[in-house]
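sequence unavailable; structure follows:
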């Protein structure tokens, strides 16, 4: 097994501060914001968290969370190759539009928000001050 090198305590503190400011801005905009990545499957709305890694994987991230029932239905449709199903289209529409909306709202609040370039999570947003 390998060990992930963590950023310095100073860097992690800066990320935590940025995550708090990000969550505050989104809360002011009317979103329900969650910050516990370990409880992500139970959260609806916006998830804001800090990854403490000391490489390109580390930083502050934002992601829209739909209900587990919608996630499950969309995944089931995708596994069956039914990407034109109404459930999959609905999931895709919501996810794509919330991704763009969150970036626009965060940028209007003064943050640098953009695609996290994560193949495993294509609608993940990276926040920078």
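Nice, I can see it. All values reported here derive from a predicted model rather than from experimental measurement.

which strands or helices does the helix or strand harbouring residue 126 pack on?
Using DSSP states H and E, residue 126 sits within strand 125-128. Under the contact definition 3 or more C-beta pairs under 8 Å, 6 or more residues apart in numbering; DSSP states H and E, strand 125-128 sits against helix 9-28, strand 59-65, helix 86-108, strand 112-115. Heads up, the C-betas are built off the backbone N, CA and C, glycines and all.

change it to 10 Å
helix 9-28, strand 45-51, strand 59-65, helix 86-108, strand 112-115 (3 or more C-beta pairs under 10 Å, 6 or more residues apart in numbering; DSSP states H and E).

what's next to the next helix-or-strand element following the third one, contact-wise?
The first helix or strand that comes after strand 59-65 along the chain, using DSSP H and E, is helix 68-79. Contacting residues not belonging to helix 68-79 are listed as 41-44, 65-67, 82-92, 94-95 [C-beta atoms under 10 Å, 6 or more residues apart in numbering].

and the angle for helix 68-79 with helix 86-108?
Counting by axes from the mean of the first three to the mean of the last three C-alpha atoms, to 10 degrees, helix 68-79 points 120 degrees away from the direction of helix 86-108.

before we move on, back to that, save the helices and strands packed on strand 125-128 as CSV, and put in distance to residue 36 too.
Shown next, in CSV, are the helices and strands packed on strand 125-128 (distance: least, C-beta to C-beta, whole Å):
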stretch, distance to residue 36
helix 9-28, 11
strand 45-51, 8
strand 59-65, 12
helix 86-108, 18
strand 112-115, 21
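
show me what counts as buried in the lowest-mean-pLDDT helix or strand in the chain.
Within the chain, confidence by mean pLDDT, DSSP states H and E is lowest for helix 68-79 among all helices and strands, at a mean of 92. Across helix 68-79, burial judged by 16 or more other C-beta atoms under 10 Å covers 70, 73, 74, 77.

which of those residues sits closest to residue 57?
When these are compared for distance to residue 57 (C-beta to C-beta), residue 74 wins out at 25.5 Å.

excluding sequence neighbours, find me the nearest residue to the closest one.
residue 91 (3.5 Å; C-beta to C-beta, 6 or more residues apart in numbering).
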